[in-house]
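**Student:** Sequence and predicted structure are below.
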Amino acid sequence: MNRLREMLDPQSVALIGATDKSDSTGLAVLNNLLQAVDRPLYPVNPNRDFVSGLRCYASILDVPSPVNLAVVVAPAHTVPAIVDECGRADVSGMIILSAGFSESGPDGKALEGEIADIRRKYGMRIIGPNCLGVIIPRIRLNATFLSIDAKPGKIALISHALGEEILDWGGSVGIGFSMFASLGSMIDIEFGDIIDLLNGDFNTRSIMIYMENVRNAKHFISAGRGFALSKPIVVLKPGRSEVGARLIAVRTGRATGDDRVYDAVFKRIGIIRVKEVRDLFNMAEVLDSSHLPRGSRLAVITNDGGVGIVAVDALEELGGGLAKLSDESVKALSSFLPGYWNRENPVDIMADADRERYRNTIEVCLRDQGVDGVVVIYTPRTAADAIEVADAIVRICGRTSKPVIAVSMGGRRAARGRDILLESNVPAYATPEEAVRTYLYMYRYRRNIELLYETPAEVTHGDSQFKNVLKKIVKKAAENKEATLDIAHSFELLKHYGIPVKGVAAAGALMLKLRSYRDPEFETVLVLGPLEGDDAGASVGLPPLNRTLARRMIEDTQLRPARTHKTDLQEVMAELEDVLVSFSNIVVDFAGISGMDIVLSVKAGDVFASGVTVWLSADSRGLSPRYPHLVIAPYPSHYIRTAQLRDGTEVLLRPIRPEDEIMGREMLSALSEETLRIRFFSVPRIDRDLLIRFCNIDYDRETAIIAQIESEGRRIMIGGVRLISDPDPHKAQFAILVRDDYQGMGLASKLMEAMIDIGREKQLGEIYGIVLSENEKMLAVCRKAGFKVRLEPHGISRVSFPLKNNQSD
C-alpha cells in the first residue's frame with residue numbers, strides 16, 4: 001500500500017515514450033503531466049535529446065533523481081524491458097497506457113504474464129496495461145491522454161472503460177472528482193487496491209465504478225465491504241445479456257462472470273448496482289445522505305393527475321409499492337384540499353395548488369407512519385411558482401429524516417427550482433421516472449447496508465468426532481477419483497447437519513432445488529429455485545449464511561407457489577431458513593465438496609430433502625480453517641476461549657461482532673484520556689464512525705478478540721486485542737487495549753497469548769507492534785512474552801515476535 005500511495009501522490013514523474021510529435025499519445029500525456037509545474041517531469045526516449053524543451057533521457061536508469069511514478073506509452077513489445085529497468089531504478093509504480101496485450105490475443109497475453117513476473121521480482125505496483133490512466137485533480141496529476149479538465153470534488157471514479165464520457169458528463173453538470181482511475185487489464189492493481197486507498201482518503205465521499213469483471217474477487221469483496229460501512233459505492237456493470245457478456249470477452253480478452261452472482265455479491269457487501277450511466281451520478285450524490293428510506297412504501301404528491309399515474313407505473317414496473325394513507329392522513333388532507341380530491345395515493349392536489357397546499361400535503365404525508373418516503377411532482381400548470389415550491393420543500397427536508405425527492409417539470413423556472421433543491425442537497429429531477437428509480441435505489445441501498453451488519457456464525461451441528469469421520473469419507477472418495485459421494489453417506493451428511501431427510505416427496509408439495517457450485521470468479525455460490533425448468537426465478541447467495549441472510553435469499557426467489565401448490569413460503573419460512581443455514585454450513589466446512597444438489601419438498605409445516613447429489617473435488621482439504629473455497633470468511637468461532645484473571649474473574653475471549661457496538665461504546669467511553677492516548681497515540685473522538693470500524697471487521701484481513709465478563713446479568717467488554725494483516729503477507733501488526741480498572745490483573749498477557757496462537761494458526765512469520773516508549777506497562781508485557789524491543793525515533797518502540805522460530809511441535 002505504501003508504494004501505491006507513493007505512485008499516486010508522486011514527488012516526481014517519468015514519461016517513457018515521450019515525444020513532441022503532433023497528434024501523438026505521447027505528446028497528449030506530456031502536456032497533461034506538465035500541468036503540475038511544481039512536480040519534476042523526466043521525459044524518457046532513447047531517440048530524443050529534448051522533448052518540448054525538456055531534457056530527454058535514454059533510459060529510466062539515466063534519470064538523476066528518484067522517480068515515484070513512471071507513465072509508459074511505448075509499444076507493447078518493448079514494455080517488459082521497460083518494466084525491468086523501472087524495477088532496477090526502484091520506481092514505486094507504473095501506469096502502462098500502451099495497448100496490445102491480452103485484448104489482442106495469445107501473444108499479448110503472454111506479454112502480460114512476463115510483465116507480471118518482472119513486477120513481482122521488484123515489488124513495484126502497476127496500473128494497466130491498456131488503460132486510460134489516472135487523474136487526481138486536487139494535486140493536478142493527469143497521467144492520461146484525455147483532453148479533459150476534471151475539477152476537484154468528492155466522488156471517485158474507478159473504471160475499465162467509459163472514463164472520458166463519464167468525466168465529461170460530470171463536468172457538464174458541475175460534478176468534481178477526487179480521483180479517476182482507469183485500470184485496464186489489471187495485471188496488478190485492481191478494484192480492491194484503489195478502494196482500500198480511497199477508504200482512508202478524506203477527500204473521497206463516494207465511489208462510482210464502471211466494472212466489466214474482477215480479477216481478485218476476495219480482495220474486491222473485502223475492500224468494498226470496508227468502504228461501504230461508512231461511504232457509498234455505486235456500480236455500473238454491463239454484460240447483463242449474453243450478447244453483452246460476449247462483447248466484453250472479445251474486447252478485453254477475458255470473460256465476465258455470471259451476472260446473477262455479481263448481483264448477489266453487490267447486495268451482500270453493501271454496494272448498489274445501477275443500470276444506466278446517468279444513475280451513477282444520481283446515486284453517488286443521494287446515497288451520501290442520512291435520509292434513506294426504511295421501507296419501499298412511497299407517497300406521490302402531484303398537481304397533475306396524469307403525471308402522477310406515470311410515476312405509479314414506473315414504481316410498479318421497478319418493483320416498488322405505493323403507501324396506503326392512514327385514515328388520519330386522509331382526514332387531515334381533506335381539511336385543506338378541494339372536496340373533490342381523489343382521497344388516495346397518489347395525492348392529486350389539483351392544478352390550482354399553491355405553495356401552502358404543497359407544504360401542507362408534504363407534511364401530512366411525512367407524518368404518516370405508513371409512508372417511508374415522498375416524491376413531490378411540480379408541473380407549470382399550477383398557481384404556485386417552481387421556485388416557491390422548491391423553497392418550501394427545502395425547509396421541510398431540514399425537519400424530517402424521511403427522504404423527499406422532487407420532480408420539477410417545465411422550462412427555465414422549473415430548472416431554477418431544481419437548482420435550488422440540488423444546492424440544498426435535495427434530490428431533484430426533470431421526470432417522475434428518474435425520481436421513482438432514485439427512491440428505489442435508495443431503499444435497496446439501505447437493505448444492502450443492513451446485510452453488512454450480519455455476522456454469519458460458524459455453526460457446528462453434532463459432535464466434531466462424527467464430522468471428522470465424514471471428512472475422512474469425503475476425502476477418501478475424492479482420492480479414489482469418485483465423481484460423487486454415495487447416496488447413503490450423502491443423506492448421512494444432511495442429517496448430521498440438521499436437514500430433515502425422507503425418501504419420497506410429499507403429495508402436493510412445492511418442489512425446490514437447493515444447490516451449490518464453484519463459480520470461476522467468486523468460488524462457492526448457493527442457488528435456490530424451482531425444481532423444474534431453468535434458474536430464471538432462482539435466487540443466488542454466498543456462504544456463509546445466517547438466518548437473516550437465508551431469509552433474504554428466500555425472499556429473492558421469484559416463486560408464486562400459492563396459486564399452484566397451496567403452499568405459502570411465509571408459512572414455512574422458519575423451516576426453510578434452517579435448511580439454508582445448515583446447507584451453508586456444509587459447504588463452508590467441506591472444501592472437498594465442489595457442488596451439491598438437494599431436492600426439497602415444501603409443504604405447510606414440513607420441509608425436507610427427498611434427494612441429494614454431492615459432487616467431489618480433487619481439493620479434498622475437508623475442514624480447512626482458512627476456507628480457500630470461500631470469498632467471505634465465516635465468523636472464526638474456533639478462536640473462542642476462556643481465561644481467568646489474577647483475582648479469579650472469569651473472562652470470555654472471543655472474536656468481535658457488529659452487534660458489540662453498544663458494548664464497545666461503553667468500554668471506550670469508560671477509558672481515561674491517558675489510556676486512549678497511549679493506545680491510539682492521540683485521544684480519538686468516540687463517534688459512530690469509530691465504533692463501526694471498531695466492531696465491523698473483515699475476518700480475512702483482521703482478527704479482533706474482545707475480553708467479555710458477566711456482571712449483574714449484563715455483558716461488559718473490558719479489553720481486546722487486534723491482529724491486522726500487513727502488506728507483507730507473512731507479517732501482522734497487533735494492538736492491545738485494556739480498561740483502566742482491569743489493568744494489572746493479567747488480562748493483557750491473556751490477550752497476548754491468544755494473539756500469538758492465532759498468529760501461529762495463520763502461519764505468520766512475525767507479529768509486531770508500535771508502542772509509545774513511555775508505555776512501560778505494555779513494553780513489560782511484551783518482554784515477558786518474548787518480544788524483541790527496538791527503540792525508534794519520535795518516542796516510539798517497535799516490538800516484534802518471530803513466530804516461525806517459536807512454534808511448538
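**Tutor:** Yep, it's here. Numbering: from 1, shown residues only.
**Student:** Could you pull out the strands in the stretch 451-600 of the chain for me?
**Tutor:** Ranges of strands within the stretch 451-600 of the chain are 510-519, 523-530, 539-541, 593-603, based on DSSP state E, counting those that start in this stretch.
**Student:** I'd like those strands laid out as CSV, including mean pLDDT, mean neighbour count and distance to F145.
**Tutor:** Using the backbone N, CA and C atoms, a C-beta is placed for each residue, glycine as well. Listed next are these as CSV, based on pLDDT from 0 to 100; neighbours: other Cβ atoms under 10 Å; distance: least, Cβ to Cβ, whole Å:
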stretch, mean pLDDT, mean neighbour count, distance to F145
strand 510-519, 93, 20, 36
strand 523-530, 94, 22, 37
strand 539-541, 95, 23, 39
strand 593-603, 92, 21, 45
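**Student:** Quick check: which of those strands is nearest to C695?
**Tutor:** strand 539-541 (23.6 Å; Cβ to Cβ).
**Student:** Tell me which other helices or strands that closest one touches.
**Tutor:** With contacts defined as 3 or more Cβ pairs under 8 Å, 6 or more residues apart in numbering; DSSP states H and E, strand 539-541 has these neighbours: helix 259-268, strand 523-530, helix 547-555.
**Student:** hey, least reliable of those by pLDDT?
**Tutor:** Ranked by mean pLDDT, the helices and strands packed on strand 539-541 bottom out at helix 547-555, which scores a mean of 90.
**Student:** Figure out which of the helices and strands packed on strand 539-541 is closest to V79.
**Tutor:** helix 259-268 (30.8 Å).
**Student:** Give the residue farthest from the middle of the protein.
**Tutor:** Centroid-distance maximum for the chain: G339 at 50.6 Å, with Cα atoms, centre = their mean.
**Student:** Where does it sit: helix, strand or coil?
**Tutor:** Here G339 is coil, with the state taken from DSSP: H, G, I helix; E, B strand; the rest coil.
**Student:** coming back round to it: closest one to N47 among the helices and strands packed on strand 539-541?
**Tutor:** helix 259-268 (45.4 Å).
**Student:** Distance from the helix or strand following the closest one to the middle of the chain?
**Tutor:** Once the chain leaves helix 259-268, the next helix or strand it forms, by DSSP states H and E, is strand 272-274. Taking Cα atoms, centre = their mean, to the nearest Å, the mean C-alpha location of strand 272-274 is offset from the chain mean by 12 Å.
**Student:** returning to what we had before: so how far is L333 from the residue farthest from the centre of the chain?
**Tutor:** 11 Å (Cβ to Cβ, to the nearest Å).
**Student:** for L27, same thing?
**Tutor:** 65 Å.
**Student:** Counting neighbours, go ahead and name the busier of the two.
**Tutor:** Set L27 next to L333 and count neighbours by other Cβ atoms under 10 Å: L333 wins out with 21 against 18.
**Student:** what about the more buried one, which helix or strand?
**Tutor:** helix 327-334.
**Student:** Alpha carbons only: can I get that helix in PDB?
**Tutor:** What follows is helix 327-334, C-alpha atoms only, in PDB (Å, rounded to 0.1, in the frame of the first residue of the first chain):
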ATOM      1  CA  ASP A 327     -57.500   7.400   7.900                       C
ATOM      2  CA  GLU A 328     -55.900  10.200   9.900                       C
ATOM      3  CA  SER A 329     -53.900  11.300   6.900                       C
ATOM      4  CA  VAL A 330     -56.900  11.300   4.600                       C
ATOM      5  CA  LYS A 331     -58.900  13.300   7.100                       C
ATOM      6  CA  ALA A 332     -56.000  15.800   7.500                       C
ATOM      7  CA  LEU A 333     -55.700  16.200   3.800                       C
ATOM      8  CA  SER A 334     -59.400  16.700   3.400                       C
END
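**Student:** so what secondary structure elements neighbour that helix?
**Tutor:** Packed next to helix 327-334, using 3+ Cβ pairs under 8 Å, 6+ apart, are helix 355-367.
**Student:** ok, the helix or strand following the helix it packs on: who's next to it in the sheet?
**Tutor:** Elements were assigned by DSSP H and E; along the chain past helix 355-367, the next helix or strand is strand 373-378. In the sheet, strand 373-378 lines up against strand 297-302 (parallel), strand 404-408 (parallel) (DSSP bridges).
**Student:** Quick one: closest of these to R646.
**Tutor:** Comparing those by Cβ to Cβ, strand 297-302 comes nearest, at 56.5 Å.
**Student:** I'd like the mean pLDDT over whatever helix or strand comes next after the closest one, please.
**Tutor:** With elements assigned by DSSP H and E, the helix or strand that comes after strand 297-302 is helix 305-317. On average, the pLDDT along helix 305-317 is 94.
**Student:** outside of helix 305-317, which residues touch it?
**Tutor:** 298, 300, 302, 321-322, 342, 346-348, 375, 377, 379, 407, 409, 432-433, 435-437, 440 (Cβ atoms under 8 Å, 6 or more residues apart in numbering).
**Student:** Domain ranges for this structure, per the record?
**Tutor:** Domain ranges of the chain: 1-130, 148-286, 297-451, 464-616, 637-805, per automatic domain parsing.
**Student:** Redo the strands of the stretch 451-600 of the chain as CSV? Include distance to A181.
**Tutor:** Listed next are the strands of the stretch 451-600 of the chain as CSV, based on distance: least, Cβ to Cβ, whole Å:
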stretch, distance to A181
strand 510-519, 26
strand 523-530, 26
strand 539-541, 29
strand 593-603, 36
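**Student:** Buried residues, stretch 403-415. List them.
**Tutor:** Within stretch 403-415, the residues that count as buried by 16 or more other Cβ atoms under 10 Å are 403-410, 414.
**Student:** Export it to CSV, keeping only CA atoms.
**Tutor:** Provided in CSV are the C-alpha atoms of stretch 403-415 (Å, rounded to 0.1, in the frame of the first residue of the first chain):
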residue,chain,number,x,y,z
PRO,A,403,-36.4,11.1,2.0
VAL,A,404,-38.2,13.7,-0.1
ILE,A,405,-37.4,13.6,-3.9
ALA,A,406,-38.6,16.4,-6.1
VAL,A,407,-39.7,16.5,-9.7
SER,A,408,-39.7,19.9,-11.3
MET,A,409,-41.0,19.7,-14.9
GLY,A,410,-41.0,22.6,-17.3
GLY,A,411,-38.8,25.3,-18.7
ARG,A,412,-36.4,27.8,-17.2
ARG,A,413,-38.2,28.5,-13.9
ALA,A,414,-38.5,24.7,-13.3
ALA,A,415,-34.8,24.3,-14.0
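**Student:** gap between the residue farthest from the centre of the chain and A36?
**Tutor:** 68 Å.
**Student:** just T256 next, same as before
**Tutor:** 36 Å.
**Student:** the more surrounded of the two?
**Tutor:** The neighbour comparison of T256 against A36 (other Cβ under 10 Å) goes to T256, with 22 against 16.
**Student:** Give me the pLDDT for the more buried one.
**Tutor:** 70.
**Student:** Equivalent analysis for G200, please.
**Tutor:** Reading off the model, G200 has pLDDT 81.
**Student:** what residue ranges in the stretch 601-750 of the chain are flagged as low confidence?
**Tutor:** 618-626, 727 (pLDDT under 70).
**Student:** Could you do the stretch 401-550 of the chain as well?
**Tutor:** 455-466.
**Student:** That one: helices as residue ranges?
**Tutor:** 412-423, 432-452, 464-479, 487-496, 547-555 (DSSP state H, counting those that start in this stretch).
**Student:** by contact count, what packs against the third one?
**Tutor:** This points to helix 464-479. Checking 3+ Cβ pairs under 8 Å, 6+ apart, helix 464-479 ends up next to helix 487-496, strand 606-616.
**Student:** What of the first one?
**Tutor:** Contacting helix 412-423 under the criterion 3+ Cβ pairs under 8 Å, 6+ apart are the following elements: helix 386-397, strand 404-408, strand 428-429.
**Student:** which other residues reach it?
**Tutor:** 378, 380, 385-387, 389-391, 393-394, 406, 408, 427-430.
**Student:** can you check the last one too?
**Tutor:** When contacts are taken as Cβ under 8 Å, 6+ apart, the neighbours of helix 547-555 outside the stretch itself are 267-268, 447, 451, 454, 456, 526, 528, 539-541, 545, 569, 573, 576-577, 580-581, 584.
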